[in-house]
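Colleague: make a model of this:
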Amino acid sequence: MTSSDRNAAIAAAVILLGFGLFAFFLPGIMRAAVDISPLAAVAVVVIFLGALFVVLWLRSLSQRRR
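Modeller: Below you'll find the model as predicted:
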């Protein structure tokens, strides 16, 4: 395994772990947000999905430059 492969694997693991942990706690966060407002729960999901796509998009830009 080359260093670039290792770095890519570490980056993928960090991204999956971070979003996986957030997704694990997402139902509880949504229940808490729905107590404030149903729109707040929708906003939490939109932010989560948007952040996932932004991180993957930035990662692809980084890989494309190499």
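Colleague: just checking, what's the longest helix in this structure?
Modeller: helix 3-36 (DSSP state H).
Colleague: compute the inter-axis angle for the helix or strand that that helix is followed by and helix 3-36.
Modeller: Using DSSP states H and E, the helix or strand that directly follows helix 3-36 along the chain is helix 38-65. Angle, helix 38-65 to helix 3-36, by axes from the mean of the first three to the mean of the last three C-alpha atoms, to 10 degrees: 170 degrees.
Colleague: use 33 as the first number for this chain going forward.
Modeller: Okay, using 33 as the starting number, the last item reads as helix 70-97.
Colleague: what packs against helix 70-97?
Modeller: helix 35-68 (3 or more C-beta pairs under 8 Å, 6 or more residues apart in numbering; DSSP states H and E). Where C-beta positions appear, they are placed from N, C-alpha and C, glycine not excepted.
Colleague: neighbours of residue 47, just the number please.
Modeller: 14 (other C-beta atoms under 10 Å).
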